[in-house]
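A.B. asks: Sequence first, then the predicted structure, then my questions.
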Amino acid sequence: MKKIGLALVLLIATATWASNDGMPATASAASANPERGRKLLVNRQETGCVLCHAIPGMKEGGDMGPNLQGLSQRLSAEQIRYRIADPRLLNPQTFMPAYFSTQGLHNVAKPLMGKTILTEQGLEDIVAYLLNATKGP
Ligand code: HEC
């Protein structure tokens, strides 16, 4: 019952921000930690971000996705959060995974069903790192 309640809250929360270009800060934003975010960004097994993105402060980086240098100069925290949570909302054809959505996924392994790739805290930790690290040009 608790799980259903949580899923419902997540669904309603998603429905309200999904129609705008921006996702408001979650409750975990207050405890966001950029250092934890940095570790998540370089972790290929948990996120794989560096497979596709060059990110300031990181040695390795791919070029299948845009370079994230200067990101916080062109996008707000809300817009950055939105693009990580579900990039399909802006580009249904994107090959970037939706890190904070459980919608429209098929053949998900049983233990992972109904779970988002990133936790709410993980999402906020990453946003905190990117906001800090991409202030420069
Ligand atoms: C498989 C490749 C891939 C992975 C993995 C990936 N991305 Fe992306 N990302 C992209 C692509 C491609 C885009 C461009 C958006 C589009 O496809 O329309 C993008 C766009 C973005 C943007 C918007 C950049 C801009 O300038 O508008 C951000 C922010 C971002 N990704 C962050 C992340 C983070 C953080 C992770 C890991 C949690 C991640 N990405 C993982 C491919 C990837």
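C.D. replies: Perfect, thanks for sending it.

A.B. asks: for residue 29, what are its contacts?
C.D. replies: 124, 127, 128 (CB atoms under 8 Å, 6 or more residues apart in numbering). Every C-beta, even on glycine, is put in place using the N, C-alpha and C of the backbone.

A.B. asks: quick one, what contacts the nearest residue to the last one once chain neighbours are set aside?
C.D. replies: Using CB to CB, 6 or more residues apart in numbering and skipping the chain neighbours, the partner closest in space to residue 128 is residue 32 (3.9 Å). Residues in contact with residue 32 (CB under 8 Å, 6+ apart) are 121, 124, 125, 127, 128.

A.B. asks: The second one and residue 34 touch, don't they?
C.D. replies: No - with contacts defined as CB atoms under 8 Å, residue 124 does not count as touching residue 34, sitting 10.0 Å away.

A.B. asks: more neighbours, those two?
C.D. replies: Using other CB atoms under 10 Å as the criterion, residue 124 and residue 34 rank with residue 124 on top: 25 against 19.

A.B. asks: any idea whether the more buried one is helix, strand or coil?
C.D. replies: Assigned by DSSP: H, G, I helix; E, B strand; the rest coil, the conformation of residue 124 is helix.

A.B. asks: Mind checking which residue lies nearest the centre of the chain?
C.D. replies: Centroid-nearest residue in the chain: residue 84, 2.9 Å away (criterion: CA atoms, centre = their mean).

A.B. asks: Need the nearest residue in space to that one, chain neighbours excluded.
C.D. replies: Using CB to CB, 6+ apart and skipping the chain neighbours, the partner closest in space to residue 84 is residue 99 (5.3 Å).

A.B. asks: burial of the one you found, as a residue count?
C.D. replies: Neighbours around residue 99, by other CB under 10 Å: 22.

A.B. asks: Kindly provide the distance from it to residue 50.
C.D. replies: Distance, residue 99 to residue 50, by CB to CB, to the nearest Å: 14 Å.

A.B. asks: who touches both of these two?
C.D. replies: Common neighbours of residue 99 and residue 50, using CB under 8 Å, 6+ apart, do not exist here.

A.B. asks: any idea of the pLDDT on the closest residue to residue 124 other than its chain neighbours?
C.D. replies: Sequence neighbours aside, residue 32 is the residue nearest to residue 124 in space, at 4.1 Å (criterion: CB to CB, 6+ apart). The score at residue 32 is 98. That number is its pLDDT.

A.B. asks: Appreciated, that's everything.
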